[in-house]
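**Student:** Sequence and predicted structure below; questions after.
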Amino acid sequence: MSDTAILEIKGEKHEFPLIVGTENEIGIDIKTLRGATLGVTTIDPGYKNTGSCQSGITFLDGEKGILRYRGYAIEDLADKADFLEVAYLLIFGDLPSKDQLIKFHADIKTESVVDDDVKKILDAFPKSAHPMGVLSSLTSALTAFNPTSVNVDSEEDMYKSVVKILGKFPVLVAWTMRKKKGLPLNYGSNSLNYVENVLKMMFEKPNEEYVQNPILVNALDKLLILHADHEQNCSTSTVRIVGSSHAGLFASLSAGISALWGPLHGGANQAVLEMLEAIKDDGGDTKKYMGKAKDKQDPFRLMGFGHRVYKNFDPRAKIIKVAADEVLSDLGVEDPILDIAKGLEKEALQDEYFVKRKLYPNVDFYSGIIYRAMGIPTEMFTVMFALGRLPGWIAQWREMRLRKEPIGRPRQIYTGENYRAFKTIDKR
Ligand code: SDX
């Protein structure tokens, strides 16, 4: 196979090198295209065919339904690792030794207090504010209280920013939920593991001791692992491009949270529950909603279905579907929504429209059912997605900065007015 690609433009041939990845993916390196062709660029709306970078963090194969973090299969990590181990793996490239994990967690614990003045910012929000907007604002505000986290060129300075955000972010997540519920803002305990600490901060009542439920701890640990990274998705690309201007890590993460909020991306887990609730209220009429999803005149889409990359089952959806059954039965929860979800999935997988377009359930289709069984409010579902994705965003931002990637600045093809002389107002 030739290791170059040849492009012929207006009779002139141009040769470009091929980049072949460790999983034999092939990319055409067009770094020299504009210069070699006096200004010709490519156009690829939504970057469906365009790679933004070379990365060693996550590999996914959409046709085969494969997902690996630093070479480890998502099935193994979800089954055998815990979330903090996976965070270390994504950020630093290898599974930690016992001592490395102990030190990592200890460094995070020392940073798990948030400046009390952040509460004043939280107080200013109405209870009706969407938690994703609150979380994005508070994350960006952390820069003001941690100014040394911005100019981080050395790995040592970067590490300090990483443990700061891994320590403080769960506090912001918990405070965002507690604000909505009118509960006093609290802290967890350094005697707990990372996920136990999140649950305690989220659910502790001011007048009783919080008792950990291992079913909830295991379910949340698994869900966070499954959401931890997903190569160059919309919000990760946002974190990378904001970080490429050398904006600080917290500002880059705040932008990523805003991108994740959208219902076509991370906001889908909330939209799935709202859709399933609507179907339940509508007497369980899944056929009506399938019809709406296929009707080009109707903007409605079957939330939790389809994916930019997976044209097979999202491997995370498979794991979460099994976990949903387990968690609900362990908790003794009977949720008709789960039955509606399974019915909808069964119908869609047999429907020509969905089969032809290779639309399968994605990570968001079943996750909300577990969050709801855990007592997490629907509006907090995407916040939980952000908590899971945090180590992936950090890993991708760190890789981009350590590799000294250039500032992201795409080109365009102008299709507006050609030159025209200015007209004074009396002549318009
Ligand atoms: C996440 O990228 C990632 O990795 C994201 C993520 C991650 O971990 O970071 O995996 C997390 O965001 C998962 C996706 C969550 N979003 C949803 O569940 C929202 C519903 N899904 C769709 O909006 C859609 O499938 C997208 C946005 C996910 C993907 O859209 P694409 O790749 O741009 O596909 P498309 O819009 O070009 O659709 C192709 C065809 C179109 O029909 P035709 O024009 O060919 O006739 O499929 C149709 C679409 O109308 N289609 C759907 C559909 N999804 C696509 N029709 C009905 N219902 C749907 N859900």
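**Tutor:** On my side now, so go ahead. These figures come from a predicted structure and were not determined experimentally. Numbering: from 1, shown residues only.
**Student:** contacts and neighbour counts: CA atoms only from here.
**Tutor:** Fine.
**Student:** so L338 makes contact with S367?
**Tutor:** No: shown here, L338 and S367 do not form a contact pair, counting by CA atoms under 8 Å, at 10.6 Å.
**Student:** who's more crowded, these two?
**Tutor:** S367 (28 against 20; other CA atoms under 10 Å).
**Student:** Using CSV, write out every CA atom in the helix or strand hosting the more buried one.
**Tutor:** Element membership of S367 [criterion: DSSP states H and E] is helix 363-373. The C-alpha trace of helix 363-373 is given here as CSV (Å, rounded to 0.1, in the frame of the first residue of the first chain):
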residue,chain,number,x,y,z
VAL,A,363,-24.5,5.4,26.5
ASP,A,364,-27.3,7.8,27.5
PHE,A,365,-30.2,5.5,26.8
TYR,A,366,-30.1,3.5,30.0
SER,A,367,-27.9,5.6,32.4
GLY,A,368,-30.7,7.8,33.5
ILE,A,369,-32.7,4.9,34.7
ILE,A,370,-30.0,4.0,37.1
TYR,A,371,-29.4,7.6,38.2
ARG,A,372,-33.2,7.9,38.9
ALA,A,373,-33.2,4.6,40.9
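**Student:** Run through the residues of this structure sitting next to the ligand.
**Tutor:** Proximity of the chain to the ligand, by CA under 6 Å from any ligand atom, involves residues 230, 233, 264-266, 268, 293-294, 301-308, 357, 362, 364.
**Student:** if you set the cut-off to 5 Å instead, what comes out?
**Tutor:** 230, 233, 264-266, 268, 293, 301-308 (CA under 5 Å from any ligand atom).
**Student:** Tell me which two in those residues are the farthest apart.
**Tutor:** Taking CA to CA, the two most distant members of these are H230 and A293; they sit 25.8 Å apart.
**Student:** correct me, but I108 touches L166?
**Tutor:** Yes: the criterion here is CA under 8 Å, and I108 meets it with L166 at 6.2 Å.
**Student:** now the helices for the stretch 201-350 of the chain?
**Tutor:** Applying DSSP state H, counting those that start in this stretch to the stretch 201-350 of the chain gives helices spanning 214-226, 234-243, 249-261, 268-281, 286-294, 315-331, 336-348.
**Student:** Please tabulate these in JSON lines, including the columns mean pLDDT.
**Tutor:** Formatted as JSON lines, the helices of the stretch 201-350 of the chain follow (pLDDT from 0 to 100):
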{"stretch": "helix 214-226", "mean pLDDT": "96"}
{"stretch": "helix 234-243", "mean pLDDT": "98"}
{"stretch": "helix 249-261", "mean pLDDT": "98"}
{"stretch": "helix 268-281", "mean pLDDT": "95"}
{"stretch": "helix 286-294", "mean pLDDT": "92"}
{"stretch": "helix 315-331", "mean pLDDT": "93"}
{"stretch": "helix 336-348", "mean pLDDT": "92"}
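**Student:** Next step: the residues of the chain next to the ligand restricted to strands.
**Tutor:** Counting by DSSP state E, no part of those is found in strands.
**Student:** Check which helices and strands the helix holding S367 is in contact with.
**Tutor:** helix 268-281, helix 315-331, helix 336-348 (3 or more CA pairs under 8 Å, 6 or more residues apart in numbering; DSSP states H and E).
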